[in-house]
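Peer 1: Provide a 3D model corresponding to the input given below.
(chains A and B)
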Amino acid sequence: MQALSEQEINRRENLKKLTELGIDAYPSDTFEVNATAEEIKSNFKAGDNTYQEVSLAGRMMSQRIMGKASFAELMDSTGRIQFYINRDEICPGEDKTMYNDVFKKLLDLGDFIGIKGFAFYTQTGELTIHVKEFKLLSKALRPLPVVKIDDEGKVHDAFTDPETRYRMRYVDLVVNPEVREVFRQRTKMYNSIREYLNVRGYLEVETPILQPLYGGAAARPFKTHHNTLDMTLYMRIANELYLKRLIVGGYDGVYEFSKDFRNEGMSRFHNPEFTQIELYVAYKDYEWMMNLVEEMVEKVAIDLHGTTEVKVGENTINFKRPWKRYTMFEAILAFTQIDISEMDEDSLRATAKSLKVHVDGTMGKAKLIDEIFGEHVEPKLIQPTFITDYPVEMSPLAKKHKSKPGMVERFEAICNAKEICNSFSELNDPIDQRERFESQLELGKRGDEEAMVLDEDFLRALEYGMPPTAGLGIGMDRLAMIMTNQNSIQDVLFFPQMKKENPS
RNA sequence: GAUUCCGUAGCUCAGCUGGUAGAGCAUUACACUUUUAAUGUAGGGGUCCUGGGUUCGAGCCCCAGCGGGAUCACCA
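Peer 2: This is a model prediction of the structure:
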């Protein structure tokens, strides 16, 4: 253990002195709370008879001691409120210990206390709790960063170091209320989606995270081992194949908020564990699903912001239906003025080169189209936009297009230049599915580490028959970044993955 | 993985051309019964990320490592 800092030593000494005074710094009894800072602030008016016997609990975040009276701030989960303490009211008798020693010296910033008293306005007009008694609820042995806000609302000495904020999120949450709000919004987003789907009768389910075969996406997995069964297990990269098994089993609609794991690079858009929601609905197709996505995401925006407009960085994104729809070819035509819909592989490669897109010899038709799109279209799609009809080679689990050869019935929604969802009419032809898996195996043999593996049990399930089904995956972290205007995935994950901390 | 910037007190940050460590807040002591970035006075607090090197002398220059951010590449 590292040597204690001066302030940590002081706090430990204060703890000892409190114990000597017979004060338990970590009492076990409940402290009854009957009001919150926010509630009092929004409801109390001077002269009211309300809030005259309040009881609040939280951390003491600042102290302004003026001799025999003091002002301090209490922060509970709803916000901060000032309180006032007067020596002779706290200590009516001869013994002034509770004020002179306990309040003024032995309490430290960050300690949890409970206060009882009444609400009033000070001479300067600040809503304040006049404290009649207080109680230490839990002592903080480490000092918090001190962030101050002046009367113009300017923040001084903000706690901003990203490394410390992510490693010690608990501290970040204590001192940065806007961070607490981001995660409230994230939960609200989940609730909004859950509500939308539950109302429609879809069943929220749980499927295995530890899987004997990883499937449903193209990615490298985390590998682990079960001792008793002596078998290799993988952390799921997607839950698609399990949810489809449930559709085979007879449910009309199933969804799961799925923590998925991919053993790949990290960036401000990528964390090794991340969350997708996947939804599968029987007897529907991708056109139907497009309407659902529009409606559901529009609802999320309204539930979070009261409007369909959301500010993200420099942009204002409007989720109001209907969203723009392009086929892949139309989108490329619109942004490059080149019609590639009739091109063979050679002219595609030439076109890609002329557009300064990176090409190499291993790229097939599908990959070339994808590169052109990624380079020249995606970065320009700020407002929510559907891109439909992808080449079959890139979508081994999607159904072939009903009228366009070589294409599958698939769409992605792009927003703020990033994919936020991926969806298709699910492939339910077991023979076609086997062939697609087999061509994936070929890719794997040629060294593609992300190629899908063949899942015999999934094929067996399809052979029992899966109804026509529309499937959807939404990257919840990406959506949260947009909905809460955060620049990095680390800012919408409580505990983003970090390297090992320095031992010093 | 590549490039680039960064790492100094509990927090936020200065630190010049290499000359022996600074500020504000926090902390300690005293004063102060309606303050609010409270105030006044006086003090204490440092493995300058780690390890090497150059130098009479390194927070600063060089090399290596660790950690973080940004950008790029693969991917959601």
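Peer 1: what about stretch A:14-34, average pLDDT?
Peer 2: The average pLDDT for stretch A:14-34 rounds to 96.
Peer 1: cool, and stretch A:402-419?
Peer 2: Stretch A:402-419 carries an average pLDDT of 93.
Peer 1: next, the buried residues of that stretch.
Peer 2: For stretch A:402-419, burial by neighbour count (16 or more other CB atoms under 10 Å) applies to A:407-416, A:418-419. To be clear about C-beta, it is placed using only N, CA and C from the backbone, and glycine gets the same treatment.
Peer 1: return the distance of it from the chain's centre.
Peer 2: 25 Å (CA atoms, centre = their mean, to the nearest Å).
Peer 1: that one close to RNA strand B?
Peer 2: Yes: interface with RNA strand B: stretch A:402-419 contributes A:418-419 (CB under 7 Å from any atom of the strand).
Peer 1: render the CA-only coordinates of that stretch in PDB, please.
Peer 2: Provided in PDB are the C-alpha atoms of stretch A:402-419 (Å, rounded to 0.1, in the frame of the first residue of the first chain):
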ATOM      1  CA  LYS A 402     -37.100 -11.000 -53.700                       C
ATOM      2  CA  SER A 403     -36.400  -9.200 -56.900                       C
ATOM      3  CA  LYS A 404     -32.700  -8.100 -57.100                       C
ATOM      4  CA  PRO A 405     -30.200 -10.800 -57.900                       C
ATOM      5  CA  GLY A 406     -27.000 -10.800 -56.000                       C
ATOM      6  CA  MET A 407     -28.500  -8.700 -53.200                       C
ATOM      7  CA  VAL A 408     -30.000  -9.400 -49.800                       C
ATOM      8  CA  GLU A 409     -32.900  -7.800 -48.100                       C
ATOM      9  CA  ARG A 410     -30.900  -5.800 -45.600                       C
ATOM     10  CA  PHE A 411     -30.700  -2.300 -44.300                       C
ATOM     11  CA  GLU A 412     -28.600  -0.200 -42.000                       C
ATOM     12  CA  ALA A 413     -29.500   3.100 -40.400                       C
ATOM     13  CA  ILE A 414     -26.700   5.600 -40.500                       C
ATOM     14  CA  CYS A 415     -26.700   8.600 -38.200                       C
ATOM     15  CA  ASN A 416     -23.900  11.100 -37.400                       C
ATOM     16  CA  ALA A 417     -21.800   9.300 -40.000                       C
ATOM     17  CA  LYS A 418     -22.000   6.000 -38.100                       C
ATOM     18  CA  GLU A 419     -24.000   2.800 -38.400                       C
END
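Peer 1: ok so, going back, just put the buried residues of stretch A:402-419 in CSV and tack on distance to residue A:104.
Peer 2: Below are the buried residues of stretch A:402-419 laid out as CSV (distance: CB to CB, whole Å):
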residue, distance to residue A:104
A:407, 75
A:408, 72
A:409, 72
A:410, 68
A:411, 65
A:412, 62
A:413, 58
A:414, 59
A:415, 54
A:416, 52
A:418, 53
A:419, 57
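Peer 1: quick check, nearest of those to RNA strand B?
Peer 2: In terms of CB to the nearest atom of the strand, no member of the buried residues of stretch A:402-419 lies closer to RNA strand B than residue A:419, at 4.2 Å.
Peer 1: before we move on, back to that, take the buried residues of stretch A:402-419 and keep only those in strands.
Peer 2: The strands, defined by DSSP state E, take in A:407-415, A:418-419 from the buried residues of stretch A:402-419.
Peer 1: let me see the contact set for the closest residue to RNA strand B within the stretch 1-150 of chain A.
Peer 2: Closest contact between the stretch 1-150 of chain A and RNA strand B, by CB to the nearest atom of the strand, is at residue A:67 (2.2 Å). Listed by CB atoms under 8 Å, 6 or more residues apart in numbering, the contact set of residue A:67 is empty.
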